[in-house]
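Novice: Below is the structure, and that's it, no one-letter string:
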């Protein structure tokens, strides 16, 4: 039960002290203090009086309404995932999936996580070809509202970061810079918590900080090979790195996240590591290095298969990530890589491919029939069954 937490919230909402509430209920302020600390509960005969005083139901006072609300929110997430899984990838079908969150917000208009999930479903979880009219405007408005009014500081930080990214993607470059400058450093907070806490809590903050820093190296390394993103120019004269240098930087990024893994443990983000090796293969092909490109495709397949076979609820065992739940939320890498290696066999019957996919397809067509590439495809096909 959350009686203590709810009492504190209701009392503070009315700008009352513990002494004020104690006087109104005819009990000592020490009793109110114990209730709020969770060291005891009001007598059951007092619950109706407390509920009437705060003009709430007994269920709400005891936290039962919150339990039902959380169950319903979880149901929205499941229904969205179901609709998205059944979509054909078009903007229209993804909009129908997003309608789950739109409809949910009609019932819970001030539920900040629903707003965040809806905004993500509109832009962050879509490619350029999957955006419908108004996606950017709707997502920006939702992120702005969260940043301005939400009562969850961590969610505000996430929304602020997402807002900067969406503005950049929408072509609002100057605003993206401003929004990025408004970010509060999460790393500074984790460093302080890792210093001032002790025991299991301190260990958790240290592990989080190590993982976040490793991820930052990994994420920045991906800027070196933007072969299929919407943001960067891949022309050497513009970007500043040769293809060989981009490959090396990407490898450093993958090595950074591998530092968190002991032998036999799960990689922290195998789906993204597979993505990096896929980019490395494309860069090697651009330079005409077929053997090396196939080496990278083999590594991409290793990580894609690992990503799709992490059991739900699996826990890391390595010393730097021990106790954290392994990432099992990024499925589909095996089928995605197989489709790319086989050069989109349904094309051109399918909708027109984006320019970056066309470039990748043209490169992979040159090696599709190589024995090692066929072996990779067969391994991916077997893993996808």
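Specialist: Looks like it came in fine. Note that this is a predicted model, so its numbers are computed, not measured. Numbers count the residues shown, from 1 in each chain.

Novice: residue contacts, residue 158?
Specialist: Counting by C-beta atoms under 8 Å, 6 or more residues apart in numbering, residue 158 touches residue 116. C-beta: built from backbone N, CA, C; applies to glycine.

Novice: I'd like to know how far it sits from residue 182.
Specialist: Applying C-beta to C-beta, to the nearest Å, the value for residue 158 to residue 182 is 13 Å.

Novice: Ignoring the adjacent residues along the chain, who's closest to residue 80?
Specialist: residue 100 (4.4 Å; C-beta to C-beta, 6 or more residues apart in numbering).

Novice: The one you found should be in a helix, yeah?
Specialist: Yes - applying DSSP: H, G, I helix; E, B strand; the rest coil, one finds residue 100 inside a helix.

Novice: what's the neighbour count on residue 75?
Specialist: 12 (other C-beta atoms under 10 Å).

Novice: Sorry, wrong one. I was asking about residue 289.
Specialist: The burial count for residue 289: 17, using other C-beta under 10 Å.

Novice: Enumerate every residue touching the nearest residue to residue 57 once chain neighbours are set aside.
Specialist: Once flanking residues are discounted, residue 57 sits nearest to residue 51: 6.1 Å by C-beta to C-beta, 6+ apart. Going by C-beta under 8 Å, 6+ apart, residue 51 touches 57-58, 60-61.

Novice: could you flag which of those residues are buried?
Specialist: With burial judged by 16 or more other C-beta atoms under 10 Å, the buried subset of those is residue 61.

Novice: Out of the contacts of residue 51, which is nearest to residue 384?
Specialist: Residue 384 lies nearest to residue 60 out of these, by C-beta to C-beta, at 47.8 Å.

Novice: ok, the closest one to residue 50 distance?
Specialist: Between residue 60 and residue 50 the distance is 11 Å, computed by C-beta to C-beta.

Novice: Was I right to think residue 268 contacts residue 325?
Specialist: No - if you go by C-beta atoms under 8 Å, residue 268 and residue 325 don't touch, sitting 11.2 Å apart.

Novice: When the two are compared, which one has more neighbours?
Specialist: residue 268 (24 against 14).

Novice: returning to that earlier point: any common contacting residues for residue 268 and residue 325?
Specialist: Common contacts of residue 268 and residue 325 (C-beta under 8 Å, 6+ apart): residue 316.

Novice: if we can go back for a sec, could you count how many residues lie near the residue nearest to residue 80?
Specialist: Each residue near residue 100 was counted by other C-beta under 10 Å, and the total is 23.

Novice: Any stretches of the chain with poor pLDDT?
Specialist: Applying pLDDT under 70 to the chain flags residues 1, 63-67, 184-189, 192, 196, 223-240, 328-331, 344-357, 385.

Novice: Domain map for it?
Specialist: 3-62, 89-184, 194-384 (automatic domain parsing).

Novice: host element of the residue nearest to residue 57?
Specialist: helix 47-54 (DSSP states H and E).

Novice: returning to what we had before: which stretch among the domains of the chain comes nearest residue 72?
Specialist: domain 89-184 (8.1 Å).

Novice: In contact with residue 286, which residues?
Specialist: Residues counted as contacts of residue 286 (C-beta under 8 Å, 6+ apart) are 243, 363.

Novice: Swap in 6 Å and give it another go.
Specialist: Residue 286 sits next to residue 243 when contact means C-beta atoms under 6 Å, 6 or more residues apart in numbering.

Novice: same check, this time on residue 299
Specialist: Applying C-beta under 6 Å, 6+ apart to residue 299 gives the contacts residue 277.

Novice: one more time with 10 Å, if that's ok
Specialist: 251, 254, 273-274, 276-278, 280-281 (C-beta atoms under 10 Å, 6 or more residues apart in numbering).

Novice: any idea which helix or strand carries it?
Specialist: Residue 299 belongs to helix 290-309, assigned by DSSP H and E.
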